[in-house]
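Asks: Predicted structure and sequence below. I'll ask about it afterward.
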Amino acid sequence: MDRDTLHIASSLIKIPRQSQQYCSSHFVDYVERNISYSKFFKNYLIPNHPCVFSKKFTEDWNCRKHWVTEEGKPNFSRLLQQFEFVQYWKDYIQNGHSSPKGCLYLKDWHMHRNFPDHNCYKTPIFFSSDWLNEYWDSIEVDDYRFVYMGPKGSWTPFHADVFRSYSWSANICGRKKWLLYPPGQEEFLRDRHGTLAYDVTAPMLQDKGQYPHIDKACQPLEIIQEAGEIIFVPSGWHHQVYNLEDTISINHNWLNGCNLDIMWQFLQNELASVQREIEEWRETMDTWHQHCQVIMKSCTGIDFGEFAMFLKIIANNRISFLNSSLASSSVQSRQVAEALESLGPHHATFDLQRVTYILESMLNNEDFKRLEPSSLKFQPESLLQEIREATRSTA
């Protein structure tokens with residue numbers, strides 16, 4: 001990130017995010033050749049706008065060379081040597097895209113975690129400011145890097161990504177059709193009970209008795225993703241995806257300073273939903289607020305205390321980077337150091353500004369104030385002071 005981009009980004013830090021207007025738009029930018037990180041940051045990350053990268057951005061990946069035949073089909077002879085699911089898939093195709101097991105879709109396979117030395121692909125720099133995987137790598141619990149393998153006809157129902165994160169998805173082979181709705185449109189795609197539609201193409205959605213607000217929904221942004229292309233799905237955009245051919249894709253969910261406020265708002269909304277569900281027990285339980293946090297974590301995967309710890313680890317890495325003292329003794333910390341080095345000190349400063357903004361918001365949040373002291377392993381006020389000292393010379 002250059003200094004001019006930092007100044008633009010810094011000026012947006014405390015401006016409330018406006019509702020986005022993409023209704024009836026069927027246009028998405030196609031990035032044909034290399035662009036600067038700063039341009040991607042300003043044109044897509046900050047405005048939270050989708051785009052598609054051409055196959056030129058993946059042409060040197062090992063998986064595109066070794067997992068795909070010359071005809072552009074999955075290379076089963078190569079994949080069978082390594083991955084069990086492939087035998088089912090091969091049989092399914094040979095049987096005319098039919099199987100007694102049905103049309104199975106291998107989703108959310110943590111190949112990167114299971115085969116760390118596989119060297120199948122390299123995350124493009126545009127998606128390298130990835131706090132979500134940086135945090136989960138640091139605690140060695142999980143990650144949000146996946147491989148999807150599915151035959152023609154397999155699909156993913158209507159949803160938004162975990163924590164309302166960004167996602168990027170690269171087709172190694174095959175083609176996909178994406179239906180995307182900008183944030184807020186999903187509210188018109190709920191039935192009369194408030195349940196989100198499972199399939200936005202189902203005829204039942206036209207029944208206004210069942211879906212009373214369907215007339216207010218805009219048409220989805222439809223994208224056909226070809227082999228080798230990468231789609232950037234912005235934060236909070238609900239989507240439904242179809243495999244038009246036998247398809248392999250690599251997908252990452254990721255967060256950073258640009259959509260941190262969306263994650264924080266999502267967590268507040270999730271907690272409020274839990275509180276409404278068990279409101280009747282509020283006066284009978286001394287630990288009602290703590291129980292709400294537990295239930296929220298079971299539903300979303302994180303609570304306010306862990307979110308605060310997430311921010312601390314992200315902040316500590318950037319403070320160490322700015323102080324030229326980021327340790328690199330492990331594979332994970334070397335990867336973090338390399339990513340921070342490639343993005344530069346201005347980006348680290350922006351990250352810390354965003355952490356500061358959200359931490360200050362959390363300190364003013366009544367539910368955060370009610371957390372048990374034992375659920376926080378650090379003092380947010382002390383971290384804020386460390387951040388101010390670290391960014392004083394680069395702001």
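Replies: Happy to help now that I have it.

Asks: State the pLDDT value of the residue lying farthest from the centre of the chain.
Replies: Ranked by distance from the centre of the chain (CA atoms, centre = their mean), the top residue is Thr284, with 38.1 Å. Note on Thr284: pLDDT of 91.

Asks: roughly how far apart are it and Met296?
Replies: Computed with CB to CB, to the nearest Å, the distance linking Thr284 and Met296 is 20 Å. Glycine gets a C-beta too; all of them are placed from N, C-alpha and C.

Asks: can you check Pro234 too?
Replies: Going from Pro234 to Met296 by CB to CB gives 24 Å.

Asks: and the two? which has more neighbours close in?
Replies: Pro234 (26 against 21; other CB atoms under 10 Å).

Asks: quick one: the more buried one and Cys51 touch, right?
Replies: No: contact between Pro234 and Cys51 fails when scored by CB atoms under 8 Å: they sit 9.0 Å apart.

Asks: Give me the common contacts of these two.
Replies: Common neighbours of Pro234 and Cys51, counting by CB atoms under 8 Å, 6 or more residues apart in numbering, are Tyr44.

Asks: For this protein, which segments count as helices?
Replies: Taking DSSP state H, the helices of the chain run over residues 3-11, 37-40, 62-66, 76-79, 85-94, 111-114, 131-139, 260-277, 288-300, 304-322, 331-343, 345-363, 366-369, 380-391.

Asks: so how far is Ser298 from the spatially closest residue to Pro380 that is not a sequence neighbour?
Replies: Closest residue to Pro380 apart from its sequence neighbours, by CB to CB, 6 or more residues apart in numbering: Leu359 at 5.3 Å. Here Leu359 is placed at a distance of 25 Å from Ser298 (CB to CB).

Asks: Pick out whichever of the two has more residues nearby.
Replies: More neighbours surround Leu359 than the other of Leu359 and Ser298, with 20 against 10 (other CB under 10 Å).

Asks: for that one, what are its contacts?
Replies: Residues near Leu359 by CB under 8 Å, 6+ apart: 308, 311, 380, 383-384.

Asks: 10 Å - rerun?
Replies: 264, 308, 311-312, 315, 368, 380-381, 383-384, 387 (CB atoms under 10 Å, 6 or more residues apart in numbering).

Asks: List just the nearest of the residues you listed to His291.
Replies: Distances from His291 to those, taken as CB to CB, are shortest for Phe368 (15.9 Å).

Asks: Met362 is in contact with the closest one, correct?
Replies: Yes: using CB atoms under 10 Å, Phe368 is in contact with Met362, at 4.7 Å.

Asks: any shared contact partners between the two?
Replies: Listed as contacting both Phe368 and Met362 by CB under 10 Å, 6+ apart are 268, 304, 307-308, 380.
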